[in-house]
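J.: Model the following, please.
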Amino acid sequence: MRSGPIAVAVCLWLVAGSAYAQDVTYTEDVAPILMQHCVTCHRPGEVAPMSLLTYEDTRPWARSIAQEVGQKRMPPWHAAAGVREYTNDRSLDAAQIDVILRWVAAGAPRGDEALLPPVPTFNDGWQLGEPDLVLAWDAPYQIEAEGDDEYRCFVLDPKFEKDQWVDVVEVLPGNRTTDHHIVIYVDQAGTIATQRDEAEPGEGYACFGGPGFLAYMVPGWGPGYVPTETPEGSGYLLRAGSKLVVQVHYHKTGSPQEDLTRVGLRFARRPTQRVLYNGYVLGLSLQIPPGDANYVVTGRAPIQEDITVYSIVAHMHYLGKAMDIWAELPDGTRVDLVTVPRFDFYWQTEYALAEPQRLPKGSVIHMQATFDNSPESPYQHSDPPRLVTFGEQTTDEMAVGVFFHTRDAENISDDGSTSP
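T.: Purely as a prediction, here's the structure:
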């Protein structure tokens, strides 16, 4: 665990014990924050390592909570504050962080039980109603107790005989203690994913950086993720014969586990004319020298028609350190989309813009990624460090910005044809 000026400040809080801190209690001040921001993951049966549902659960972890919150490592939210607003922002504000630090400095007092907020009611079923189609692989996948995290791709066949509009993709993880996150891709032709699956024995095939081919991405799942409908007038257009590829990141728990995740598709309820596309800005030229703690690679994606951007994903592998994604309008104006100053491979978030961003033809989306290939890199996988290039393997790297967008002028009819 890295330390720095923030960690020192946290430690000073812990020894202060001032009168200023003594009016903060768990029941009145801290529990409401935990119930709103933490217990979705920090409860029995979820991926977090401990429960924070009660005072008895929380008190032994008070100092660790202060350190994690003080360094803004928890809740996991990596977009820089003040750049843009996002609908799925799960970070704590300065006042909430201050409350937790004051509570720990005061000795983590319990407080009046009458002021304790209710524990949230959790719906671990379908969040947006019963899907029109539910898909899963044939039998539970067996996960070993120990070893490195595993990335497995499972191919699902919706058996579409004609193109199908979908406005909700929802995932029910089969084992929340070991399913770290889930990404869903679509093989629109339905051939490459099947070939990869058949080439490897057992359920699914091994995958790390992605499904092994350029694919259409739709929503997946991660701790705290809330499924949503596509923006009005838009949807995911799944072609006849297409296959879904479900990439699951399995985290080993120390005991054997099994997983049978389900994917639900809701067919579009509203008139739908525009596809919600993936756009990519890539840093394909990366050649990260051994020992370089601040290697920078850039990419650009010219915009060929008017589009509207709804969300952004910053994607790198273990050596990823930071990423900045922005647009330059035709008149030279800079429009920030997301800045991730402290990238963490284990928390790859889709940042949903609170205000969708229209980009006119002639705009350019830029990406700048920074990598740490020094011996001190937190997730360094080579000893000694070696030259790292672009690729999908564990020891390769990627610099990819994904922007989910619609084409403003697109108008697709029910038969799949496009009007100008």
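J.: Read off the pLDDT value for the one residue sitting closest to the centre of the chain.
T.: Geometric centre of the chain, nearest residue: residue 349, 2.5 Å, by CA atoms, centre = their mean. On the pLDDT scale, residue 349 is placed at 87.
J.: and it, how far is that from residue 182?
T.: Per CB to CB, to the nearest Å, residue 349 is found 13 Å from residue 182. Bear in mind the C-beta positions are built from the backbone N, C-alpha and C, glycine included.
J.: Over to residue 100?
T.: 30 Å.
J.: low-scoring stretches of the stretch 201-350 of the chain, by residue?
T.: 224 (pLDDT under 70).
J.: need the strands for it, in chain order.
T.: 205-206, 216-221, 234-238, 243-250, 257-259, 262-267, 274-275, 277-282, 287-288, 295-302, 307-315, 320-328, 334-340, 350-359 (DSSP state E, counting those that start in this stretch).
J.: Can I get the ones you listed in TSV including distance to residue 389 and mean neighbour count?
T.: Output for the strands of the stretch 201-350 of the chain, formatted as TSV (distance: least, CB to CB, whole Å; neighbours: other CB atoms under 10 Å):
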stretch	distance to residue 389	mean neighbour count
strand 205-206	20	16
strand 216-221	23	22
strand 234-238	32	23
strand 243-250	22	24
strand 257-259	32	18
strand 262-267	33	20
strand 274-275	33	20
strand 277-282	13	18
strand 287-288	6	17
strand 295-302	11	16
strand 307-315	16	23
strand 320-328	14	21
strand 334-340	22	19
strand 350-359	26	17
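J.: With distance to residue 411 as added columns, please give these in TSV.
T.: Converted to TSV, those look like this (distance: least, CB to CB, whole Å):
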stretch	distance to residue 411
strand 205-206	38
strand 216-221	20
strand 234-238	11
strand 243-250	26
strand 257-259	41
strand 262-267	20
strand 274-275	7
strand 277-282	15
strand 287-288	43
strand 295-302	23
strand 307-315	14
strand 320-328	24
strand 334-340	26
strand 350-359	17
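J.: out of those, nearest to residue 118?
T.: Within these, the stretch nearest residue 118 is strand 216-221; the backing value is 25.9 Å (CB to CB).
J.: Do a quick rundown of the strands in the stretch 1-150 of the chain.
T.: 133-135, 141-143, 150-156.
J.: Out of those, which gets nearest to residue 69?
T.: strand 150-156 (29.5 Å).
J.: Need the overlap of contacts for residue 349 and residue 182.
T.: Contact criterion CB atoms under 8 Å, 6 or more residues apart in numbering; residues shared by residue 349 and residue 182: residue 222.
J.: Convert the C-alpha atoms of stretch 311-319 to PDB, please.
T.: What follows is stretch 311-319, C-alpha atoms only, in PDB (Å, rounded to 0.1, in the frame of the first residue of the first chain):
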ATOM      1  CA  SER A 311     -20.400   7.700 -21.700                       C
ATOM      2  CA  ILE A 312     -16.700   7.100 -21.600                       C
ATOM      3  CA  VAL A 313     -14.400   4.200 -20.700                       C
ATOM      4  CA  ALA A 314     -10.700   4.400 -20.000                       C
ATOM      5  CA  HIS A 315      -9.000   1.000 -20.700                       C
ATOM      6  CA  MET A 316      -5.500   0.000 -19.900                       C
ATOM      7  CA  HIS A 317      -3.800  -3.100 -18.300                       C
ATOM      8  CA  TYR A 318      -1.700  -3.500 -15.200                       C
ATOM      9  CA  LEU A 319       0.900  -0.800 -15.900                       C
END
